[in-house]
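Student: After the sequence you'll find the predicted model.
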Amino acid sequence: MLILGIDPGSRITGFGVIEVTPGRIRYVTSGCIRVAGKSFPQRLKEVFDGVRQISQHYQPDCMAIEKVFVHKNVDSALKLGQARGAAICAVLERELTVYEYTPTEIKKSVVGKGRAAKEQVQHMVTALLKLPGIPQEDAADALATALCHAHTHDIRQRLKGK
């Protein structure tokens with residue numbers, strides 16, 4: 001199973017693809033979609049096009065994406081939500097199932113605590129996937145989202161078997 005993880009953003013959207021086979025998780029690719037559009041609608045289209053290209057190229061079986069949260073700035077949360085919507089629509093063309101996780105769920109799944117720092121997420125993603133170097137923050141968050149789904153999916157499958 002190939003999982004596409006997305007860390008949405010209106011300026012930088014992180015992505016990561018992992019392959020999950022019984023007893024093994026393998027890194028495939030990761031990176032950032034850096035949008036340069038001057039208007040917000042142009043940036044949303046760039047997020048959409050970037051995620052669509054990644055989805056078409058790697059042919060993932062599903063997508064895991066971070067849910068929107070409101071920290072301090074409601075306007076930022078709204079923009080994040082719209083970027084998230086653009087990413088989701090991009091994979092729905094291929095009729096992928098989309099799984100959503102809160103930042104706390106993602107961090108707890110990868111680091112063991114829901115309030116982990118970005119550096120801790122980067123460190124654990126690097127260790128779990130045996131990467132040669134530390135990925136950029138947004139790419140690490142996207143890989144962490146994919147890992148969260150891999151762990152959650154594995155637990156769901158085990159519970160179904162019992």
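Tutor: Done, it's in.

Student: quick one, what contacts Ile18?
Tutor: Residues near Ile18 by Cβ atoms under 8 Å, 6 or more residues apart in numbering: 2-3, 5, 25-28, 129, 143, 146-147, 150. To be clear about C-beta, it is placed using only N, CA and C from the backbone, and glycine gets the same treatment.

Student: Over to His149?
Tutor: Per Cβ under 8 Å, 6+ apart, neighbours of His149: 3, 5, 62, 64, 99, 101.

Student: if you skip the residues just before and after it, what's nearest to it?
Tutor: Ranked by Cβ to Cβ, 6 or more residues apart in numbering and with sequence neighbours excluded, the top spatial neighbour of His149 is Ala64, at 3.6 Å.

Student: The one you found and Lys72, how far apart?
Tutor: Using Cβ to Cβ, to the nearest Å, Ala64 is found at 25 Å from Lys72.

Student: I'd guessed Pro60 sits against Gly5; true?
Tutor: No. In this structure, Pro60 is not within contact of Gly5 by Cβ atoms under 8 Å, at 9.2 Å.

Student: Could you name every residue contacting both of the two?
Tutor: Val17.

Student: Neighbour count for those two, which is higher?
Tutor: Gly5 (32 against 23; other Cβ atoms under 10 Å).

Student: What residues of stretch 106-115 count as buried?
Tutor: By 16 or more other Cβ atoms under 10 Å, the buried positions in stretch 106-115 come out as 106-111.

Student: Could you dump the residues you listed into a markdown table and include secondary structure and pLDDT?
Tutor: A markdown table is the format used below for the buried residues of stretch 106-115 (DSSP: H, G, I helix; E, B strand; the rest coil; pLDDT from 0 to 100):
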| residue | secondary structure | pLDDT |
| --- | --- | --- |
| Ile106 | helix | 97 |
| Lys107 | helix | 96 |
| Lys108 | helix | 96 |
| Ser109 | helix | 94 |
| Val110 | helix | 96 |
| Val111 | coil | 95 |
